[in-house]
Each structure stands twice: as structure tokens, then as C-alpha cells.
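Asks: got a structure for you, letters missing:
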């Protein structure tokens, strides 16, 4: 795997991981609540969770490509289609667009529990397995030594995960921008004797009863 191909692979993986996804939003949530020093916990947790799945998925892609070479072209097109759908869906997901509510607490507060939560969050979702496979199959080269290519791809995924997690931890407000849902204001119809207290319509008769 040439250095140019490896850099292209790492850059592609980093760009895909910079697209909003649940674990990245979790890194941003910790950074917004605890500050950027939370990166000392959340970045290793994200990298460990992502690479843990990446090791298994990359091995599976290599086995399929070596034992069924004719399927490589089809898998490449399917992977490219999935990456496009992933990007489109990421920017349409309401949970990622609006972010957590202001009163939502962090799921865990202890370092070891945070690691466990990141692992559980990643391994429970098939999104990250499919995402890793879609990236790997785009750069797989059957003419190269599989062991060396495997190690290079795992290293590229690790570098991409570190860069993406650091970006979300350093700039949580920009990358995980929270859009507020528009609040619908109900307008009370005007009636004679209507008074407004704290923007609420209160009739004079009700005020007399309350007094």
C-alpha cells in the first residue's frame, strides 16, 4: 500500500467520520458539559470502540474478497451507495440535527463506565460495521500482500478516528451544531376585558375570581 493510497484512505475515513453520527455527538456532548479536557477520556473511548469493530469487519471483508473475488466489484458499488445514503441520512436525522435536550444528563460519569458505554453504543449499531466495510472495500487491492494491507488499513482507521474525535471534542458547537425547534406561539383571540400577564391571556372575570 503506497503512502499516497494510505493517505487517501485515512483522509476518506476521517471525512466520513466527521459527518454527524451518534457516537460523535456523544463526544461533543461530553465536551460541551465537561469542557475540552473530556477528550482525554472520550477520544480513546471512541477510538477503542471504532477500531474494535474495524478489526473484525476488515478481516471479514478480506476473507470475502479473497475467497470470492468476483464479488469485489459488486461490494464496491454497494459500499459507495451506502456511504452516500449515510451522508444524506446523517443530515436528516432529527436527533442529530437538534441534539439532546438542554436538561438531558450525560449517560455516564465515571471513566471506565464511559469506555463501556462507548463500546456498547458502537457495537449495538450496525451502522459502524457497514460504514467500515464500505470504506475498506473501496481501497482493497487483491494484488498486494494481505497482512501488510490489513495492518495499514487498521492504522488508517485509527488515525481517522483520532482526528474525527478530536475535532468533535475541540469544536462541539460547530460540528454538532444544535438547531432549536421553532416554538409555535398560540395567539389568544382579543376579547373585551382581556389582560395579558406574562404573555398569557387572562380575562378580567377570572382575575376577580382569583382575587
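Replies: Alright, I've got the coordinates. The shown structure was predicted, so the numbers you read here are calculated from the model rather than taken from an experiment.
Asks: low-confidence ranges in this protein?
Replies: Filtered on pLDDT under 70, the chain yields the residue ranges 93-105, 174-211.
Asks: what about the helices in the protein?
Replies: Taking DSSP state H, the helices of the chain run over residues 3-18, 22-34, 39-67, 72-90, 94-98, 111-124, 126-139, 146-170, 172-175, 204-210.
Asks: Using a markdown table, please lay out those helices together with mean neighbour count.
Replies: In short, each C-beta sits where N, CA and C put it, glycine included. Below are the helices of the chain laid out as a markdown table (neighbours: other C-beta atoms under 10 Å):
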| stretch | mean neighbour count |
| --- | --- |
| helix 3-18 | 17 |
| helix 22-34 | 22 |
| helix 39-67 | 19 |
| helix 72-90 | 14 |
| helix 94-98 | 13 |
| helix 111-124 | 16 |
| helix 126-139 | 20 |
| helix 146-170 | 20 |
| helix 172-175 | 16 |
| helix 204-210 | 10 |
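Asks: do you know how far residue 55 is from residue 129?
Replies: Look at residue 55 and residue 129: by C-beta to C-beta, to the nearest Å, they are 11 Å apart.
Asks: who are the neighbours in contact with residue 59?
Replies: Listed by C-beta atoms under 8 Å, 6 or more residues apart in numbering, the contact partners of residue 59 are residue 150.
Asks: Sorry, wrong one. I was asking about residue 47.
Replies: 158, 161-162, 165.
Asks: again, 10 Å this time
Replies: Applying C-beta atoms under 10 Å, 6 or more residues apart in numbering to residue 47 gives the contacts 54, 118, 157-162, 164-166.
Asks: Could you check how far it is from residue 126?
Replies: 20 Å.
Asks: ditto for residue 138
Replies: From residue 138 to residue 126 the distance is 19 Å (C-beta to C-beta).
Asks: Which phi and psi values does the closest residue to residue 117 other than its chain neighbours adopt?
Replies: Distance criterion C-beta to C-beta, 6 or more residues apart in numbering; nearest residue to residue 117, sequence neighbours excluded, is residue 108 at 4.7 Å. Phi and psi for residue 108, reported as degrees, to the nearest 10, are phi -140, psi 160.
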